[in-house]
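Novice: Got a predicted model here, sequence first, then my questions.
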Amino acid sequence: MSSPGSPDRRDFLKIGGAASAVVVLSACGVRVNMGTFPVGEASRFAVGSATLVADGPFIIARDEQGLYAMTARCTHMGCQLNVDGQALSCRCHGSAFDLHGQVTQGPARRPLDHYRVTVGEGGVTVDTSSTVDAGVRTPVEG
């Protein structure tokens, strides 16, 4: 029996489970950053390029239709992805993705999540709290 104001067994297990999850994710190098990130002017991203934004972490890319952004975390175990020319690779377990976030080599099975990108007077902004369909592009003038 618990005293008034003290957590009961169920609350204790919830708190312990949440704390354990944070410890495990941190040990795997998973850092979850949610929010809005300014990334500079659109002209900095060439058509056909992909750029890892380290403090996101996310990848911003540009194709003929415009800019798009996707997570820089592998969908297999959450490890950081690297941009290797025209591919994205996971240094932990060997998964690979194309520049659109589609899996080209496992063990990952799920494509990368894509985030909302806006272009305005202040430059390009990526909102990692808002996922969009993988086909969504933000047009760039000029």
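Specialist: The structure has been received and is ready for your questions. Residues are numbered from 1 along each chain as shown.
Novice: What is the lengthiest strand in the chain packed up against?
Specialist: Ordering each strand of the chain by length in residues (DSSP state E) puts strand 123-132 first. For strand 123-132, the helices and strands in contact under the criterion 3 or more C-beta pairs under 8 Å, 6 or more residues apart in numbering; DSSP states H and E are strand 36-40, strand 58-63, strand 66-71, strand 114-120. To be clear about C-beta, it is placed using only N, CA and C from the backbone, and glycine gets the same treatment.
Novice: one more time with 6 Å, if that's ok
Specialist: On a contact count with 3 or more C-beta pairs under 6 Å, 6 or more residues apart in numbering; DSSP states H and E, strand 123-132 meets strand 36-40, strand 114-120.
Novice: Give me the contacts around the shortest one.
Specialist: Counting by C-beta atoms under 6 Å, 6 or more residues apart in numbering, strand 36-40 makes contact with V53, G56, I60, G123, V124, T125, V126, D127, all of which sit outside it.
Novice: quick one: contacts for the spatially closest residue to the last one that is not a sequence neighbour?
Specialist: What it means is D127. Spatial nearest neighbour of D127, chain neighbours left out: R116 (4.4 Å); criterion: C-beta to C-beta, 6 or more residues apart in numbering. The neighbours of R116, taking C-beta under 6 Å, 6+ apart as the test, are D127, S130, V132.
Novice: got a list of what the second one touches?
Specialist: Neighbour list for S130: R116 [criterion: C-beta under 6 Å, 6+ apart].
Novice: so what's it scoring on pLDDT?
Specialist: With respect to pLDDT, S130 scores 94.
Novice: Any idea how far the longest strand of the chain is from the middle of the chain?
Specialist: Put simply, strand 123-132 sits 10 Å off its chain's centre (C-alpha atoms, centre = their mean, to the nearest Å).
Novice: what's the answer for stretch 59-75, then?
Specialist: For stretch 59-75, the separation from the chain centroid amounts to 9 Å (computed by C-alpha atoms, centre = their mean).
Novice: thinking again about what came up before, possible to save the contacts of R116 as JSON lines with distance to G66?
Specialist: Listed next are those as JSON lines, based on distance: C-beta to C-beta, whole Å:
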{"residue": "D127", "distance to G66": "16"}
{"residue": "S130", "distance to G66": "16"}
{"residue": "V132", "distance to G66": "12"}
